[in-house]
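Engineer: this is the structure alone, sequence omitted:
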């Protein structure tokens with residue numbers, strides 16, 4: 001027995017000789033990569049600081065470190081064997097960061113940085129230890145603030161459920177988009193009502209609970225699924241309950257600060273119930289005390305491990321950092337002069353009109369130049385608005401979450417419905433975004449799309465990809481939003497849509513020529 005105990009102690013002592021340098025090497029490599037990519041890291045922390053939805057990011061790294069400490073006994077008994085093929089993953093993550101930088105997609109750059117850190121750690125400690133560390137490595141992704149792209153969909157589904165539940169309980173509802181009126185007053189489902197912060201918090205805590213409480217992949221998967229579905233349904237019920245409390249109390253309750261308090265209290269109760277139910281299927285995830293994890297750190301491995309660790313770490317740092325000067329060289333384009341957008345004559349029976357249809361502009365900022373014109377054909381009126389971007393940088397970008405047809409804070413104009421349509425553009429079909437805007441005295445039907453690198457698309461993702469390709473191939477970043485709109489008369493938007501389709505087919509050639517001329521101007 002004493003001999004076995006001595007063998008175990010010797011094994012763990014030998015492993016510790018390698019483990020200590022491994023911990024220090026990982027820490028230094030991670031610190032070096034964060035220092036090299038400090039701007040990306042700072043952008044992550046800035047979002048943690050200003051957004052309540054992503055404030056959980058401050059505890060992600062401490063939780064990861066806590067979990068590693070929790071597994072210290074198993075890790076101390078395992079050999080550290082650097083996995084040099086992991087450098088290929090580091091290079092791939094670096095390439096993703098470079099492309100995301102060219103497209104100026106912040107969240108992709110942030111994920112790329114997280115992937116670089118994960119791959120670096122796996123490269124240094126090896127696959128065996130990485131399998132034990134799979135939870136903190138994956139959990140690290142919660143540090144990346146993402147999910148805001150889900151907000152519009154979450155808002156729509158919350159509004160759908162709330163209106164349906166009100167009608168089922170006998171409350172008459174008049175709905176316009178995500179705004180609805182009931183006999184006691186009007187309500188709106190806004191960004192704070194989307195439930196994103198509940199989902200993010202639930203999924204993060206649920207992932208931690210599943211890793212600690214369960215061993216079975218099936219149980220972990222089911223609990224993670226519940227961590228997503230339960231907060232979504234809970235948020236629907238929360239929204240309905242708040243409206244009903246306000247309605248039944250004559251708008252004395254659930255309309256101010258208590259609106260938020262009721263929401264979090266209800267969410268807290270639902271989450272506690274979910275974890276309480278989940279505890280009935282808890283499994284013992286600890287190894288028996290008399291079981292020792294296998295370890296065979298041969299003397300040769302121990303002797304050469306520190307040198308291999310240094311080589312693996314230095315290689316990962318160099319590969320992760322080389323993309324920064326490459327990106328700087330790629331972005332070192334000469335500043336081009338401000339382009340010009342020439343006014344256009346009519347075509348196909350459409351003629352310029354002397355007055356604008358409406359005092360409305362897309363809520364886009366930072367553009368280089370804009371063009372506004374109005375056209376008429378018989379009794380049909382169409383407005384054209386182009387915002388053109390060049391020398392794009394943060395705050396002066398075409399495709400960003402802050403740019404939209406109308407700001408949610410706007411009092412004069414509200415976006416009521418969205419969808420898609422198809423027009424004939426330059427002789428071929430083109431899918432466009434469609435939206436209905438409601439003003440105080442006028443409703444507008446709008447068609448819009450992006451033009452990047454001489455190509456048209458209605459997809460923001462495709463536009464970002466085209467922008468990255470254009471920059472990487474030295475064509476610059478000239479981009480534009482093209483919007484044309486028509487007033488809705490008689491309560492039917494279809495006549496306005498027919499006018500827009502007719503306008504697109506007749507005027508697309510003229511618009512293309514003006515945009516092509518703008519791309520060449522100042523070069």
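Structural biologist: Nice, thanks for sending it over. In this text, all values refer to a predicted model and were calculated from it rather than measured experimentally.

Engineer: can you pull the contacts of the residue most central in space within the chain?
Structural biologist: Per CA atoms, centre = their mean, the C-alpha nearest to the average position across the chain is that of residue 146, at 4.0 Å. Residues near residue 146 by CB atoms under 8 Å, 6 or more residues apart in numbering: 107, 110-111. For every residue, glycine as well, the C-beta is placed using N, CA and C.

Engineer: which one of those sits closest to residue 518?
Structural biologist: residue 107 (29.7 Å; CB to CB).

Engineer: not including adjacent chain positions, what is the nearest residue to that closest one?
Structural biologist: residue 146 (5.1 Å; CB to CB, 6 or more residues apart in numbering).

Engineer: now residue 356
Structural biologist: Nearest non-adjacent residue to residue 356 (CB to CB, 6+ apart): residue 374, at 5.2 Å.

Engineer: try residue 460
Structural biologist: residue 399 (5.0 Å).

Engineer: which ones are touching that neighbour?
Structural biologist: 450, 460, 463-464, 467, 479.

Engineer: what do you get for residue 371?
Structural biologist: Per CB under 8 Å, 6+ apart, neighbours of residue 371: 341, 343, 384-386, 388, 514.

Engineer: what about 6 Å?
Structural biologist: Shown in contact with residue 371 (CB atoms under 6 Å, 6 or more residues apart in numbering): 341, 386.

Engineer: the helix or strand hosting residue 230: which residues count as buried?
Structural biologist: Using DSSP states H and E, the element containing residue 230 is helix 217-248. By neighbour count with 16 or more other CB atoms under 10 Å, helix 217-248 contains the buried residues 219-220, 223-224, 226-227, 230-232, 234-236, 238-247.

Engineer: and it, what does it pack against?
Structural biologist: helix 151-168, helix 196-213, helix 257-278 (3 or more CB pairs under 6 Å, 6 or more residues apart in numbering; DSSP states H and E).

Engineer: what average pLDDT does that helix get?
Structural biologist: Averaging pLDDT along helix 217-248 gives 86.

Engineer: what angle separates that helix from helix 151-168?
Structural biologist: 60 degrees (axes from the mean of the first three to the mean of the last three CA atoms, to 10 degrees).

Engineer: from residue 200, how far out is the residue nearest to residue 107?
Structural biologist: 9 Å (CB to CB, to the nearest Å).

Engineer: also residue 150?
Structural biologist: For residue 150 relative to residue 200 (CB to CB), the value is 10 Å.

Engineer: same check on residue 402?
Structural biologist: 21 Å.

Engineer: and these two? Which one has more around it.
Structural biologist: Each of residue 402 and residue 200 has its neighbours counted (other CB atoms under 10 Å); residue 200 has more, 21 against 11.

Engineer: quick one, what contacts the more buried one?
Structural biologist: Per CB under 6 Å, 6+ apart, neighbours of residue 200: residue 147.

Engineer: what does residue 82 give?
Structural biologist: 124, 126, 308, 312.

Engineer: give me the neighbour count for the third one.
Structural biologist: It stands for residue 308. So residue 308, with other CB under 10 Å, has 18 neighbours.

Engineer: same question for the one 10 residues further on.
Structural biologist: Around residue 318 there are 13 other residues, counting by other CB under 10 Å.

Engineer: how confident is the prediction for it, by pLDDT?
Structural biologist: So residue 318 comes in at 94 (pLDDT).

Engineer: low-confidence ranges in the stretch 101-250 of the chain?
Structural biologist: The model of the stretch 101-250 of the chain has pLDDT under 70 over residues 250.

Engineer: residue 506 touches residue 345, doesn't it?
Structural biologist: No - counting by CB atoms under 6 Å, residue 506 sits too far from residue 345 to count as a contact (11.7 Å).

Engineer: more crowded one of those two?
Structural biologist: residue 506 (18 against 12).

Engineer: quick one: residues contacting the more buried one.
Structural biologist: So residue 506 contacts 347-348, 350 (CB under 6 Å, 6+ apart).

Engineer: let me see the ranges of the helices in the stretch 51-200 of the chain.
Structural biologist: 57-70, 72-76, 86-103, 106-125, 127-132, 134-139, 151-168, 196-213 (DSSP state H, counting those that start in this stretch).

Engineer: so of those, which one's packed in deepest?
Structural biologist: helix 106-125 (a mean of 24; mean count of other CB atoms under 10 Å).

Engineer: ok, residues contacting that one?
Structural biologist: With CB under 6 Å, 6+ apart, helix 106-125 has contacts from 22, 25-26, 29-30, 33, 37, 40, 43-44, 80, 82-83, 86-87, 89-90, 93, 96-97, 100-101, 130, 137, 140-141, 144, 146, 309, 312-313, 316, 320.

Engineer: rewinding a little: just the contacts of residue 399 now: which is nearest residue 67?
Structural biologist: So of these, ranked by how close each gets to residue 67 (CB to CB), first place is residue 464, at 34.8 Å.

Engineer: near that closest one, how many residues? Count them for me, please.
Structural biologist: Residue 464: 25 neighbours (other CB under 10 Å).

Engineer: got it, and the one 3 residues further on?
Structural biologist: The number of residues packed around residue 467, counting by other CB under 10 Å, is 27.

Engineer: helix, strand or coil for it?
Structural biologist: helix (DSSP: H, G, I helix; E, B strand; the rest coil).

Engineer: for residue 490, same thing?
Structural biologist: coil.

Engineer: and if you look at the one 10 residues further on?
Structural biologist: Classification of residue 500 by three-state DSSP places it in helix.

Engineer: burial of the residue lying closest to residue 247 once chain neighbours are set aside, as a residue count?
Structural biologist: Leaving aside its chain neighbours, residue 247 sits nearest to residue 184 (4.6 Å; criterion: CB to CB, 6+ apart). For residue 184, the count of nearby residues is 15 (other CB under 10 Å).

Engineer: distance-wise, check residue 184 relative to residue 79.
Structural biologist: 69 Å.

Engineer: tell me how far residue 31 lies from residue 120.
Structural biologist: 11 Å.

Engineer: for residue 513, same thing?
Structural biologist: In terms of CB to CB, residue 513 sits 50 Å off from residue 120.

Engineer: residue 239 now?
Structural biologist: 43 Å.

Engineer: ok, now residue 30?
Structural biologist: 7 Å.

Engineer: can you give me the distance of the closest residue in space to residue 378 that isn't next to it in sequence to residue 62?
Structural biologist: Closest residue to residue 378 apart from its sequence neighbours, by CB to CB, 6+ apart: residue 349 at 7.9 Å. Going from residue 349 to residue 62 by CB to CB gives 67 Å.

Engineer: for the residue nearest to residue 356, pull up the helix or strand it's in.
Structural biologist: Counting by DSSP H and E, residue 374 is part of strand 369-377.

Engineer: after that strand, next one along is what?
Structural biologist: Immediately after strand 369-377, counting by DSSP H and E, sits strand 380-389.

Engineer: got the angle for that following strand vs strand 369-377?
Structural biologist: 170 degrees.
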